[in-house]
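Undergrad: Sequence first, then the predicted structure:
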Amino acid sequence: MIFSSAGAPLSGQTFADKHPKSNEDQKLPLVVSTWRNTAANEAAWEVLNNGRTALDAVETGTRVVEADPNDSSVGYGGRPDREGHVTLDACIMDHDLNCGSVAFLEDIKHPISVARKVMEETPHVMLAGEGARQFAVQQGFEKEDLLTEKSEKAWKDWLKESKYAPEINIEDHDTIGMLAIDKNGRLGGACTTSGLAYKMRGRVGDSPIIGAGLYVDGEVGAATATGMGEAIIRVAGAHLVVELMRNGMSPEGACKEAVQRVIKKVPGYKNLQTGFIAINNKGEVGAYALQKGFVYAIHDPNGPRVIGSPHAI
């Protein structure tokens, strides 16, 4: 049985154990996201099915997870840093390389929408910290406390030992990365997170970094990443996947090669997780992870499903 990001069972759906080698039997549009984010995919699919753009779809879909207080790794309810502050990172990108990003953003529930405003309303790609928050407020976003009672209690329990040891596949999810192709064949991607739980104040991972956590090129395809951001940044993971597809690799093959790059270049890789998902502009989907346990969700005309990713170790 499939479970939503909030842990609720989704009836009438089955878990696919193997990645489909071909998407020839599928038609556009489609949306794919990291982990079991079926509720987010459903919201994105509704946008796509109504003829709106892939960019609209990925923003709408990721906002679902950002607003979910039961998801402790994204947006509202996200686990705080070591000092008890929830800080958020996000980026968004379209088929023409238009992109926007926010990093180290506090007090704003929907960083993905702020990132889109950065893309559409400023000459910049990334805003960070207090400047990002100031911009968000100027754009009409409301400031609110994002630390829920549940996350605050978990943080206070952590403070008793203050042991920093990130867990692989914690709660079967973390960052949500989402990719979509609309009915016109145009691509969009989004990535949003509250980052590593109990990280150092000011830490920023791969999620808001164009080319690391997300990359979209309408000539080729799109990719997004999840897992240990420091490892993904080191290999410019999402951009690497897209460039490998540009050179003829399938989405799964490109994701696998990116994982192999992590294994080759990142010390201590056995103690961390990285996972990639990718789509090409033909609508083919692929994924690959370093460790077992990574899954991803697809919604297309054949319906919603969650698929177990192949992995290296």
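TA: Sure thing, it's come through.

Undergrad: what's Ser151 sitting at in phi/psi?
TA: Backbone torsions for Ser151, taken as degrees, to the nearest 10, come to phi -70, psi -30.

Undergrad: going forward can the numbers begin at 55, since that is how I track them
TA: Understood, numbering begins at 55; the last thing we discussed is Ser205.

Undergrad: burial count for it?
TA: 21 (other CB atoms under 10 Å). For the C-beta atoms, the positions are set from N, CA and C on the backbone; glycine is no exception.

Undergrad: Contacts only, for it.
TA: Going by CB atoms under 8 Å, 6 or more residues apart in numbering, Ser205 touches Ser126, Gly131, Gly132, Arg133, Pro134, Val140.

Undergrad: mind putting those residues in JSON lines, pLDDT and distance to Val316 included?
TA: Supplementary listing: the contacts of Ser205 in JSON lines, determined by pLDDT from 0 to 100; distance: CB to CB, whole Å:
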{"residue": "Ser126", "pLDDT": "82", "distance to Val316": "25"}
{"residue": "Gly131", "pLDDT": "89", "distance to Val316": "29"}
{"residue": "Gly132", "pLDDT": "91", "distance to Val316": "25"}
{"residue": "Arg133", "pLDDT": "91", "distance to Val316": "24"}
{"residue": "Pro134", "pLDDT": "94", "distance to Val316": "27"}
{"residue": "Val140", "pLDDT": "96", "distance to Val316": "28"}
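
Undergrad: Would you mind putting those residues into JSON lines with secondary structure, distance to Pro165 and neighbour count alongside?
TA: Formatted as JSON lines, those follow (DSSP: H, G, I helix; E, B strand; the rest coil; distance: CB to CB, whole Å; neighbours: other CB atoms under 10 Å):
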{"residue": "Ser126", "secondary structure": "coil", "distance to Pro165": "16", "neighbour count": "21"}
{"residue": "Gly131", "secondary structure": "coil", "distance to Pro165": "14", "neighbour count": "22"}
{"residue": "Gly132", "secondary structure": "coil", "distance to Pro165": "10", "neighbour count": "24"}
{"residue": "Arg133", "secondary structure": "coil", "distance to Pro165": "15", "neighbour count": "23"}
{"residue": "Pro134", "secondary structure": "coil", "distance to Pro165": "15", "neighbour count": "23"}
{"residue": "Val140", "secondary structure": "coil", "distance to Pro165": "11", "neighbour count": "24"}
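
Undergrad: Please convert the residues you listed to a markdown table, extending it with distance to Ala244.
TA: Formatted as a markdown table, those follow (distance: CB to CB, whole Å):
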| residue | distance to Ala244 |
| --- | --- |
| Ser126 | 19 |
| Gly131 | 19 |
| Gly132 | 16 |
| Arg133 | 21 |
| Pro134 | 23 |
| Val140 | 19 |
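
Undergrad: For this protein, which residue occupies the most central location?
TA: Nearest to the geometric centre of the chain sits Gly231, at 1.8 Å (CA atoms, centre = their mean).

Undergrad: State the distance from Asn152 to Arg240.
TA: According to CB to CB, to the nearest Å, Asn152 and Arg240 sit 11 Å apart.

Undergrad: now do Glu311
TA: Counting by CB to CB, the separation of Glu311 from Arg240 is 26 Å.

Undergrad: how about the helices in the stretch 205-354 of the chain?
TA: With DSSP state H, counting those that start in this stretch as the criterion, the stretch 205-354 of the chain has helices at 283-288, 291-300, 305-319.

Undergrad: deepest of those helices, which one?
TA: Among those, helix 291-300 has the highest mean neighbour count (mean count of other CB atoms under 10 Å), at a mean of 24.

Undergrad: who touches that helix?
TA: Outside helix 291-300, the residues touching it (CB under 8 Å, 6+ apart) are 260, 265-271, 273-279, 286, 305, 307-309, 311-312, 315-316, 328, 330, 332, 334.

Undergrad: Not counting its neighbours along the chain, what's nearest Ile317?
TA: Closest residue to Ile317 apart from its sequence neighbours, by CB to CB, 6 or more residues apart in numbering: Tyr323 at 5.3 Å.
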